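Q: sharing a model that was predicted from the sequence below.
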Amino acid sequence: MRSMTGWPKVATTAVAVTAVGALLAGCGGSRPSDGGGSSDPGITDSTIKVGAHFPLTGVAAPGYSEIPTGAKAYFDYVNANGGVDGRKIDYTYRDDGYNPTNTSSVTNELVLKDNIFAMVGGLGTPTHSAVVDFLNQQKVPDLFVSSGALAWGDDPDEHPYTFGWQPDYEIEGKIIGQWVKENMPDAKVGLFLQDDDLGRDSEKGVRQYLDDQIVATARYTSGNTDVAPQVSSLASKGADLVLSFNTPSYTALTQLTAQKLNFTPQWFYSNIGSDPALVGSLLSRFSEGAVKGTNSALDGVLTTEYIPGVDAADNPWVKLWQKVWDENGGDGELTNYRIYGMSEAYAFVQALKDAGPDPTREGLVKAMEEDMADSDGPQLAPFRYSEDSHFGISGMQIVRLKGGKSEPVTKVLTTDVGDADIDEDDSGQADDAPPSSGIPDKS
Amino acid sequence: MQQLLSTTLTGLTLGMVYAAFALALVLIWRSTRIVNFAQAPMAMVTTLVALQVIDAGAPYWVGFLVALVSGLVLGAVVERVLVRPVEGKAEINAVILTLGLFIVLHAVAGLVFGNDYQSFPAPFGLSGFRVGDLNVALTGFGIFTIVIVLVVMAALAALFRFTDLGLRMRAAAFNPEVSRLLGVPVGRMLTIGWALAAVVGSLAGLLIAGGSLVYPSYMDSVVVFGFVAAVLGGLDSPVGAVVGGLLLGLALSYVSGYLGAQLVTLASLVILMLVLTLRPGGLFSSASARRV
């Protein structure tokens, strides 16, 4: 009898001990750094670990899944040339399928299990929103979020470790809005918006200039591939210029739907949805040459550009990316998405160098705020990083697509959120070239 | 006016696709009394097979045929190898099995065909017609969709109502023990039911894919809408499935066009709940006495 009552007690104790042990182990893994020197996770004398989440599968995967392959190629190139201050960059990226729940779990893995020093280029507004608080609580530098939402840069007090990268959707909306107002004052403008931060932030910018000219607004939900009701509402309200803020698959879908509806406005796709090679490949198989093949699928479409793309083969930055891809890339061609990833990786190496020979997480954030604004890089307009703003690139130029190439319509225009003026960029940022080594020097 | 017309016509085409999918669910329900959740990924696999064939240089219709034939084979194989061991057991076993198959087929398709979006060709034009100033948002492929779904519906109704095979299939599903005693080869009937359902499912896959983008989960939303359409029509009646699909397609198109795209899935849930509350057996139910 004694042994029968005794056994559960032993078992309970064993379970309790195990549980406490697991709890302690959990705490050990997640202990935030105190910012003190080399004790930061993810960095040793010979390596530095960085990570990111990307949609490698699912609705957002076309194009975006290529970004980390570009970043990886550039990090491999840097490693092959001695690394950064003797440290090799160990880059891990995980698939979140553009699903915020998955983003949380893969970010937990990256931070708690892989012990990354910093997150570099985590992609997506809904996805990254799910982990931005966690990263800041853990004091993990969260650099160059691959999304133009305002949330990454507008409140450095709330999210001191998070930094944006591309021009935010609001300034893109502003630049597009002002250009349309000045150059197409009679256009009846329709807005085609993704129903989340992308659509909302862009609309805010556009409406600063075009409120009177907008005749119709249609919002689509990402994941619902039937956009006929939306496009048809734009058509029926007589829009002859459609400003579209959507992901690449939806550029293909709107083109197909417009054809079905015989709707032929001037299309103006924002930067993220306008890659001619990707959209062209999505539309390539359609019958009877009704939709023109590959690169010319988006001929005549207006869009914006903030880093040079594959079509500018003579640009010194693109030459560097081509060399990096040839030497360290994987399968496939160099694409604009891979260039995007390389550009982020280049900026990270720059920030790491600026943080000094023994970088800490605090030091990296400080270097971002103090030294990055006037650094050289492929971006056409300077970064806006400072203590008060964590917004990324400050501007872009409007271009027209023809045969897969972009023809400039304006000079590089820069501005900031709110009612900041829009000016032509005079910093010369668009004219710089990479150092011959292809690896940034300390600024 | 123009918007009403466009929204109606696109809803009509979409509804026909849901109808095709609902027909496959009805077929398998009538011939085996199982709801097959793996119907969508099975159709996805056969569509991607067709895309491989077309990419290899074959004409569209060869790919079309290959998809239907591989659907036939896949359906039969799934029944013989996977479903047979759980037949005659609790109904939930088969349902869980098809859910598992759903996940497995997704993963396998990702490995074999990749997860990229790809365009899928269509045999007819993708531009709408114009009548005077009015644009008729109906493409050649849309008309093809409507016609072929109606033909399949008629064929299925005829199969169940007028042929010996249909009678045997229904009997085998309804009461395997008695059917066996009466000399119906129950096993073979079940295999035929699965195979035919998979063919209709593959057809739905091809109709959705034509002139649009395909990727391993492209059929997923259709599972939900096709299921709602089938329940709407009563799960038992081919005509009901088509009417259910049409009603659903139109309703969702109006919701998306006039209320907002974000309400589409919610609206389908509301419709499902209304039908289950008001007419639990579906709009065209004839077999309430059969329910277990």
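A: Nice, I can see it.
Q: quick check: residues of the stretch 201-350 of chain A near chain B?
A: Remark: the part of the stretch 201-350 of chain A in contact with chain B comprises A:219-221, A:223-230, A:232-233, A:235-236, A:249, A:252-253, A:256, A:259-263, A:281-288, A:290-291, using Cβ under 8 Å from any Cβ of the partner chain. Using the backbone N, CA and C atoms, a C-beta is placed for each residue, glycine as well.
Q: ok, and the closest non-adjacent residue to residue 135?
A: Here I'm looking at chain A. Of all residues not flanking A:L135 in the chain, A:D142 sits nearest, at 4.5 Å (Cβ to Cβ, 6 or more residues apart in numbering or on different chains).
Q: my question was about chain B
A: Going by Cβ to Cβ, 6+ apart, B:N135 has A:N262 as its nearest residue, at 4.6 Å.
Q: can you name the residues that contact the one you found?
A: Applying Cβ atoms under 8 Å, 6 or more residues apart in numbering or on different chains, we find A:N262 in contact with B:127-128, B:130, B:135.
Q: any idea which helix or strand comes after the strand or helix carrying B:L51?
A: In this structure, B:L51 sits in helix B:39-55 according to DSSP states H and E. Counting by DSSP H and E, the next helix or strand C-terminal to helix B:39-55 is helix B:60-77.
Q: helices or strands next to that following helix in the packing?
A: helix B:39-55, helix B:186-209 (3 or more Cβ pairs under 8 Å, 6 or more residues apart in numbering or on different chains; DSSP states H and E).
Q: I'd like those laid out as a markdown table, including distance to A:E424 and mean neighbour count.
A: Shown next, in a markdown table, are the helices and strands packed on helix B:60-77 (distance: least, Cβ to Cβ, whole Å; neighbours: other Cβ atoms under 10 Å in any protein chain shown):
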| stretch | distance to A:E424 | mean neighbour count |
| --- | --- | --- |
| helix B:39-55 | 47 | 24 |
| helix B:186-209 | 47 | 25 |
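Q: hey, what's the residue positioned nearest the centre of chain A bridged with?
A: For chain A, A:S146 is the residue whose C-alpha lies nearest the centre (Cα atoms, centre = their mean; 1.7 Å). Taking DSSP bridges, one obtains A:L123 as the residues bridged to A:S146.
Q: ok, back up a step: out of the helices and strands packed on helix B:60-77, which gets nearest to chain A?
A: When those are compared by Cβ to the nearest Cβ, helix B:39-55 sits nearest chain A, at 7.9 Å.
Q: that closest one: how far from the chain's middle?
A: Chain-centre distance of helix B:39-55: 14 Å, with Cα atoms, centre = their mean, to the nearest Å.
Q: what's the average pLDDT for that helix?
A: When pLDDT is averaged along helix B:39-55, the result is 92.
Q: and A:L56, backbone torsions?
A: Torsion angles at A:L56 (phi, psi; degrees, to the nearest 10) stand at phi -90, psi -10.
Q: low-confidence ranges in chain A?
A: A:1-38, A:286-295 (pLDDT under 70).
Q: hmm, 80 instead?
A: Flagging of chain A using pLDDT under 80 yields the residue ranges A:1-39, A:58-60, A:62, A:223-224, A:281, A:284-297, A:443.
Q: got the domain ranges for it?
A: A:38-167+A:310-393, A:169-305 (automatic domain parsing).
Q: sorry, back to before: so which of the contacts of A:N262 are in helices?
A: Residues of those located in helices (DSSP state H): none.
Q: and the residues you listed, which is closest to A:S129?
A: Closest approach between the contacts of A:N262 and A:S129, by Cβ to Cβ: B:G128, at 38.6 Å.
Q: so who does the closest one touch?
A: B:G128 neighbours (Cβ under 8 Å, 6+ apart): A:259-262, B:135-139.
Q: let's have the residues you listed in TSV, adding secondary structure.
A: Formatted as TSV, the contacts of B:G128 follow (DSSP: H, G, I helix; E, B strand; the rest coil):
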residue	secondary structure
A:Q259	helix
A:K260	helix
A:L261	coil
A:N262	coil
B:N135	strand
B:V136	strand
B:A137	coil
B:L138	coil
B:T139	coil
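Q: out of those residues, which is most surrounded?
A: B:A137 (29 neighbours; other Cβ atoms under 10 Å in any protein chain shown).
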